[in-house]
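J.: Provided below for reference: sequence and predicted model.
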Amino acid sequence: MSTFTVCLNPLPKSSVCQVDFGTELSGLDLENLSDMDFGILHKALYENQVVVIKNQKSLSPHAQYELTRRFDPSAGIYSHGKSIDKRSVLHADLTTIPHQPQVQVIGSGSVDEYEGLVKLKLKHPHHKAFHKHPISAEDDAEFTHFYRWHIDSAMYNLDPPLITSLLAVQVPQGRRQTLCYDDGTNTELDVPLGTTAFFSGYRLYEMLTDEEKYFVRTSKIEYAPHPYIWMSKAKSRSNGLGIVSEGLELSMDGLPQFEDSKIKIYPMAWKNPVTGKLAMMVYPTCVRKIHLENGEVLDDLVEIRERLYSLQRRAIDPQFVYPHDWKEGDLVLFNNHGVMHSIVGSFKEDEVRVFRQCNMAASRPPMGPGDSLPAQ
């Protein structure tokens with residue numbers, strides 16, 4: 001059994017910082033993780049939502065897969081399936097490791113060889129291709145946006161992974177950017193280059209009024225079929241929290257063939273399987289309808305998006321956002337049913353970034369408010 005030490009993650013500290021999640025664990029042999037140590041890791045993740053384990057650069061893709069799958073032993077297929085349609089907005093962002101197809105290589109820049117892949121041209125998602133009002137080209141090196149606040153998931157046919165693991169293999173250091181919300185609030189946030197930003201769905205739920213909590217607890221979200229194709233022509237808000245409503249979504253007739261039985265309808269509030277706490281977890285980019293407690297179905301996208309935005313916007317105020325400052329060898333695991341996250345930043349051509357991402361479609365849908373906790 002390894003020596004296991006739990007300490008608070010070095011989160012940004014200021015007089016207004018209210019980030020209440022995240023921890024750093026040390027003393028783990030992840031290639032040979034005992035059941036006892038995994039039990040501690042499992043508990044730490046669901047109590048802290050984001051877990052950082054440093055100095056894991058030598059972790060093999062297979063060990064990363066096995067560690068990630070251990071949180072959901074019945075899972076096995078990558079979260080978006082065996083292949084991603086070329087029309088999907090995700091298609092250019094992911095490269096599958098041939099000998100471990102549940103693990104993807106993501107990043108930026110040219111890489112001669114990595115894990116059996118040769119002459120890689122990694123493309124970091126840049127908000128200029130997705131936002132209605134991107135940062136100007138002349139200011140791109142200094143300023144940036146949240147790219148897209150999201151839950152890792154296909155949101156059609158397959159259920160959202162329970163957790164995601166991210167490993168930093170190569171990270172350019174030394175440069176920071178000013179993140180501009182550009183949403184009429186004059187809000188800015190100083191961030192490390194290429195940070196991954198997180199906010200807590202549990203904190204968001206706690207910030208709601210009693211009336212808002214009731215709405216969230218009793219309503220369900222219907223996501224669009226093939227959502228990343230459906231919204232491929234639409235543009236995002238500048239703070240990455242949902243779509244600008246311009247009627248650019250594809251019609252149902254314009255989508256690949258889909259089955260109604262595979263359309264996902266999830267609760268707006270997801271229950272933590274260890275603590276029982278509720279998180280407001282809604283992926284605003286992919287939302288198509290809201291199902292109310294009384295059976296009414298809301299389908300006006302403009303009204304739906306404004307209503308969700310009024311609920312979720314408070315969660316991305318700077319004091320509630322944790323922007324991880326990546327170092328090579330950082331392994332970050334996060335509760336994909338409890339926190340939302342966003343890619344951030346823009347890299348220069350000579351700034352090479354190599355990450356490995358692993359998540360798998362869950363063996364069960366998210367737990368709703370009325371679901372019983374599993375036996376521990």
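T.: That came through fine.
J.: show me the helices in the chain, by range?
T.: 35-48, 61-70, 201-207, 210-218, 227-230, 301-312 (DSSP state H).
J.: for those, which one ends up most surrounded?
T.: Most buried of these by mean neighbour count (mean count of other Cβ atoms under 10 Å) is helix 227-230; its value is a mean of 24. Every residue, glycine included, has its C-beta placed from N, CA and C.
J.: just checking, what packs against that one?
T.: Judged by 3 or more Cβ pairs under 8 Å, 6 or more residues apart in numbering; DSSP states H and E, helix 227-230 is in contact with no other helix or strand.
J.: average pLDDT across it?
T.: Across helix 227-230, pLDDT averages out at 96.
J.: pLDDT weak spots in the chain?
T.: Residues of the chain meeting the criterion pLDDT under 70: 1-16, 82-93, 376.
J.: could you dump the strand ranked longest in it to CSV, C-alpha only?
T.: For the chain, the strand that runs over the most residues, judged by DSSP state E, is strand 100-114. Output of strand 100-114 as CSV, limited to C-alpha atoms (Å, rounded to 0.1, in the frame of the first residue of the first chain):
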residue,chain,number,x,y,z
GLN,A,100,-5.5,2.7,-26.8
PRO,A,101,-8.6,4.0,-28.6
GLN,A,102,-10.2,5.4,-25.4
VAL,A,103,-7.3,7.9,-25.0
GLN,A,104,-7.1,10.9,-27.2
VAL,A,105,-4.1,13.2,-28.0
ILE,A,106,-5.0,16.9,-27.8
GLY,A,107,-2.9,20.0,-27.9
SER,A,108,-1.3,22.5,-30.3
GLY,A,109,1.6,22.5,-32.7
SER,A,110,3.6,20.0,-34.7
VAL,A,111,4.9,16.7,-33.1
ASP,A,112,7.1,14.3,-35.1
GLU,A,113,6.0,11.2,-33.2
TYR,A,114,4.0,10.3,-30.1
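J.: for it, which positions count as buried?
T.: The neighbour-count check on strand 100-114 (16 or more other Cβ atoms under 10 Å) flags Gln100, Gln102, Val103, Gln104, Val105, Ile106, Gly107, Ser108, Gly109, Val111, Tyr114 as buried.
J.: where's that strand relative to the chain centroid, distance-wise?
T.: For strand 100-114, the separation from the chain centroid amounts to 19 Å (computed by Cα atoms, centre = their mean, to the nearest Å).
J.: run the angle between that strand and helix 61-70 for me.
T.: Relative orientation of strand 100-114 versus helix 61-70 (axes from the mean of the first three to the mean of the last three Cα atoms, to 10 degrees): 150 degrees.
J.: sorry, back to before: adding distance to Ala129, write the helices of the chain out as CSV.
T.: Below are these laid out as CSV (distance: least, Cβ to Cβ, whole Å):
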stretch, distance to Ala129
helix 35-48, 33
helix 61-70, 28
helix 201-207, 27
helix 210-218, 32
helix 227-230, 13
helix 301-312, 20
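J.: looking at those helices, which is closest to Thr285?
T.: Nearest to Thr285, of all the helices of the chain, is helix 227-230, at 7.4 Å by Cβ to Cβ.
J.: distance of Tyr266 relative to Pro365?
T.: According to Cβ to Cβ, to the nearest Å, Tyr266 stands 6 Å off from Pro365.
J.: scratch that, Val344
T.: With distances taken as Cβ to Cβ, Val344 is found 29 Å from Pro365.
J.: which one of those two is surrounded by more residues?
T.: Val344 (26 against 15; other Cβ atoms under 10 Å).
J.: residue contacts, the more buried one?
T.: Shown in contact with Val344 (Cβ atoms under 8 Å, 6 or more residues apart in numbering): Thr144, His145, Phe146, Tyr147, Gln177, Leu179, Val191, Gly194, Thr195, Thr196, Ala197, Pro323.
J.: any of the residues you listed buried? List them.
T.: For those, buried by 16+ other Cβ under 10 Å: Thr144, His145, Phe146, Tyr147, Gln177, Leu179, Val191, Gly194, Thr195, Thr196, Ala197, Pro323.
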